[in-house]
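Colleague: Sequence first, then the predicted structure:
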Amino acid sequence: MILYALVLVLLGLGIHGLLAKRNLLKKIIALAILDYGVNLLLIVVGYRAGGGAPILLPGEDPAAFARGSVDPLPQALVLTSIVIGLGVTMLLVAMALRLHQRYGTLDVDRMDRLRG
Amino acid sequence: MERFLPLFTAVPLLAGFACLLLKRAAPRAAPALSVASMATLLLLASAAAIRGEEGVAFAGGWGVRSSGEGSFVAGIALVLDGLSRLFLLLVAVVGTASAVFALRYLAPEEGLPLFHVLFNLLVAGMNGALLAGDLFNLYVFLEVASLASVGLVAWRTGGAEVEAALKYLVLGTLSSAAILLGITVLYAATGFLNMADLSVAVSGGAVPRVPLLLAAGLFVAGFGMKTAAMPFHAWLPDAHPSAPAPISAMLSGLLIKTLGIYALLRVLPVVTGMDGDLRAVLTALGLLSMWGGVLLAQAQDDLKRILAYHSVSQMGYVLVAVACGTWLGVAAGIFHAVNHGLFKSALFLSSGSLERVAGTRRLSGMGGLFRRAPATSAGLLGACLSISGVPPFNGFWSKLLILVALLSAGQPAMAGLAAGAALMTLVTFVKVQRKALFGPLPARLEGAREVPASMFLPVLALVLLCLASGLLWPAGVDGLVGSAADAVASPDGGPGAVRAYVERVHGGGPR
């Protein structure tokens, strides 16, 4: 239950940071926090109280394995999601760097050339 | 055909990697590789469309397993049905036109191979999303396509381009997070990711309603942002004009449909069905986009921004039609989405040609270009007529079909509003033609010259397709669009379409 609450806190923090912060790097950090909130939820969804690591050993009975370990699928999804998050964050930081070189600021209000 | 399904993703992926490998050895090979990979896709997609192929392929030798409670899918399923078939064809057609256009449009400057790497990745991501049979692969391919498109929007690396790309990526990541959250909620509630298994679990009635509605809400927000439906549209008018013209054509013509409209049509019927509340939300989003987009377009002077706002507006039409929930509404929406893909990509490509001819994208800097660049102008004119809904172009028929669908669903007020927005569209594009193509030629443009044939021919080909799908739709197009609509809704309004999808997936592949 505490973990679910933590997920909500992370999601809330992420959205708050994304909307309220003017510094581009802080916005990027907020997005990363939001991402981790979703990842944590995935892990929590697959968790089973007292479950072991989901590694099927040779000779082990699959049915007993399924009862005794946590759900491995969300873990695989989270791995993929973390890799995607890494790529997104790197791209964001690279573009923020480029904008900083050009405008000399990371404040989104002061670089706003676009009308939306 | 099943054996060939992975090729739709593998061909552009391999072409992309080849561009990267040949970056130093043969930088000139990259554009040719792009054209070749798009042509291969066009061949594959037309073969699938002409033969009406359907099927399922499983990655890595996995397949359908049976347990005491019925069969379920183990592994990754690629599903080809009427809907994915039509969109694959659209991706291949617009992709080929854009790749050919890019041959002469982009100067052979430093980094051209990297452009083609991203171009092929974009296509691979879209095709993967179109074939994905489970939600997580849909999400992964959607991210592949989004990230590639961000790189392409920032391609010219000017301040405005990078800023637009950054805005696009931030909002895109937010929408992806919403989609992943929706997937997580669904997985927690049902224990399935495969859409066929999901729909079996949901229609069994054992799944509580709250997580389903939560997931549906998250999907509408996430995919709505990818569609650029108002109020989630803010990134599109910056991002699409910032990209080079062939990429604008890919983004406006394909990306907002494959990641937005297609994903909504695929996921929502499986998750909740098109129930009343959901339809009301989609109608509201559609109406807002339809009118908001067209009104904001009036104030623009930059040709590409006008086109971008009209993409928002036209997606509104599609959403309103789909939200009818009837078979006719879905068919009209799909027909309009495909038509929009054809004429909007023609419009964006000709905006690139016009920029080359006139040296500016501002309408106030153009005039009288018809005499200077007749082929480019003819292409632009045809595409303008098509988006304005002038018969016999395809835009007229799909807008008419949307009106008929709205009327027959008992929404005459909605039909009136849609017809009004169509008139506003006509007004904008009459203005575009008068300012750009006719009237006096500014002295500055005395020396303006026509663009090379490899730039105007793809546009003319797209316009011809617009005309052909307008003239021939009762004969040929009807079958394509009809079978696509069959995959989403049944003519009797029952759950037959979703059931057919489940049977197709569970009946295919090795056991």
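Modeller: Noted; the coordinates are in hand. Residues are numbered from 1 along each chain as shown, chains lettered A, B, ... in the order given.
Colleague: pLDDT of the helix or strand containing A:Met90, averaged?
Modeller: Secondary-structure assignment from DSSP states H and E places A:Met90 in helix A:72-103. Mean pLDDT, helix A:72-103: 91.
Colleague: and that helix, what does it pack onto?
Modeller: Secondary structure elements in contact with helix A:72-103, counted by 3 or more Cβ pairs under 8 Å, 6 or more residues apart in numbering or on different chains; DSSP states H and E, are helix A:24-46, helix B:135-153, helix B:159-190. Bear in mind the C-beta positions are built from the backbone N, C-alpha and C, glycine included.
Colleague: in chain B, which ranges drop under the pLDDT threshold?
Modeller: Flagging of chain B using pLDDT under 70 yields the residue ranges B:1, B:67-69, B:108-110, B:274, B:475-476, B:508-511.
Colleague: Give me every residue in it lying close to chain A.
Modeller: Taking Cβ under 8 Å from any Cβ of the partner chain, the part of chain B that reaches chain A is made up of B:136, B:140, B:143, B:147, B:150-151, B:154, B:157, B:159-160, B:162-167, B:169-170, B:173-174, B:176-177, B:180-181, B:184, B:187-188, B:193, B:234, B:237-238.
Colleague: who's in contact with the residue sitting furthest away from the middle of chain A?
Modeller: For chain A, the largest distance from the centre (Cα atoms, centre = their mean) belongs to A:Gly59, which lies 36.1 Å off. Going by Cβ atoms under 8 Å, 6 or more residues apart in numbering or on different chains, A:Gly59 touches no other residue.
Colleague: Can you pull the phi/psi pair for it?
Modeller: Phi and psi for A:Gly59, reported as degrees, to the nearest 10, are phi 90, psi -10.
Colleague: try B:Asp302
Modeller: The phi and psi torsions at B:Asp302 (degrees, to the nearest 10) take the values phi -70, psi 120.
Colleague: What residues are bridge-paired with it?
Modeller: Beta-bridge partners for B:Asp302, by DSSP bridges, are B:Arg362.
Colleague: Number of residues surrounding it?
Modeller: Residues near B:Asp302, counting by other Cβ atoms under 10 Å in any protein chain shown, number 17.
Colleague: what does A:Ala66 give?
Modeller: Neighbours of A:Ala66 under the rule other Cβ under 10 Å: 12.
Colleague: Likewise for A:Leu79?
Modeller: A:Leu79: 11 surrounding residues under other Cβ under 10 Å.
Colleague: Contact residues of chain A facing chain B?
Modeller: Applying Cβ under 8 Å from any Cβ, we find that chain A lies next to chain B at A:11, A:14, A:18, A:24, A:27, A:31, A:34-35, A:38, A:41-42, A:45, A:73-74, A:77, A:80-81, A:84, A:87-88, A:91-92, A:95-96, A:98-99, A:102-103, A:111-116.
Colleague: All the helices of the stretch 151-300 of chain B, residue numbers only.
Modeller: For the stretch 151-300 of chain B, the helices defined by DSSP state H, counting those that start in this stretch cover B:159-190, B:195-203, B:209-227, B:236-242, B:245-250, B:256, B:263-271, B:276-298.
Colleague: So for B:Ala453, which of these sits nearest?
Modeller: Comparison of those against B:Ala453 by Cβ to Cβ identifies helix B:245-250 as nearest, at 15.8 Å.
Colleague: Where does the stretch 301-450 of chain B get nearest to chain A, residue-wise?
Modeller: Nearest to chain A, among the residues of the stretch 301-450 of chain B, is B:Arg305, at 8.5 Å (Cβ to the nearest Cβ).
Colleague: Now do the contacts for that residue.
Modeller: B:237, B:241, B:297.
Colleague: which SSE is it in?
Modeller: Short version, using DSSP H and E: B:Arg305 is in helix B:303-322.
Colleague: tilt between that helix and helix B:276-298?
Modeller: 160 degrees (axes from the mean of the first three to the mean of the last three Cα atoms, to 10 degrees).
Colleague: What's the first helix or strand after helix B:303-322?
Modeller: Using DSSP H and E, the next helix or strand after helix B:303-322 towards the C-terminus is helix B:327-358.
Colleague: what angle sits between that following helix and helix B:263-271?
Modeller: Helix B:327-358 and helix B:263-271 are oriented at 160 degrees to each other (the same axes, to 10 degrees).
Colleague: Check the offset of helix B:327-358 from the chain's centre.
Modeller: Its chain's C-alpha centre lies 9 Å from the corresponding centre of helix B:327-358 when counted by Cα atoms, centre = their mean, to the nearest Å.
Colleague: what about whatever helix or strand comes next after that helix, distance to the chain center?
Modeller: Sequence-wise, the next helix or strand downstream of helix B:327-358 (DSSP H and E) is helix B:369-372. How far helix B:369-372 lies from its chain's middle: 31 Å, per Cα atoms, centre = their mean.
Colleague: got the buried residues for the helix or strand following helix B:369-372?
Modeller: Per DSSP H and E, the first helix or strand lying C-terminal to helix B:369-372 is helix B:374-387. For helix B:374-387, the neighbour count (16 or more other Cβ atoms under 10 Å in any protein chain shown) marks B:375-387 as buried.
Colleague: what's the answer for stretch B:389-402, then?
Modeller: Applying a neighbour-count criterion of 16+ other Cβ under 10 Å, one finds B:389, B:393-399, B:401-402 buried in stretch B:389-402.
Colleague: out of the residues you listed, what pair is the most spread apart?
Modeller: Among these, B:Phe393 and B:Ile402 lie farthest apart (Cβ to Cβ), at 14.9 Å.
Colleague: quick revisit: so which of the helices and strands packed on helix A:72-103 gets nearest B:Val117?
Modeller: Of the helices and strands packed on helix A:72-103, nearest to B:Val117 by Cβ to Cβ is helix B:135-153, at 8.5 Å.
Colleague: who does that closest one touch, helix- and strand-wise?
Modeller: If contacts are counted by 3+ Cβ pairs under 8 Å, 6+ apart, helix B:135-153 sits against helix A:72-103, helix B:112-131, helix B:159-190, helix B:236-242, helix B:245-250, helix B:263-271.
Colleague: returning to that earlier point: tell me which of the helices of the stretch 151-300 of chain B lies nearest to B:Leu22.
Modeller: Among these, helix B:245-250 sits nearest to B:Leu22 (Cβ to Cβ), with 20.3 Å.
Colleague: Other residues contacting the closest one?
Modeller: Contacts of helix B:245-250 (Cβ under 8 Å, 6+ apart): B:94-95, B:97-99, B:101-102, B:105-106, B:119, B:122-123, B:149, B:152-153, B:155, B:240-241, B:304, B:307-308, B:344-346, B:348-349, B:351-353, B:355.
Colleague: again, 7 Å this time
Modeller: B:94-95, B:98, B:101-102, B:105, B:122, B:152, B:240-241, B:304, B:345, B:348-349, B:351-352 (Cβ atoms under 7 Å, 6 or more residues apart in numbering or on different chains).
Colleague: of these, closest to B:Gly60?
Modeller: Nearest to B:Gly60 out of these is B:Leu122 (Cβ to Cβ; 24.8 Å).
Colleague: Might one say that that closest one is in contact with B:Ala148?
Modeller: Yes. Here B:Leu122 lies in contact with B:Ala148, judged by Cβ atoms under 7 Å, at a distance of 4.1 Å.
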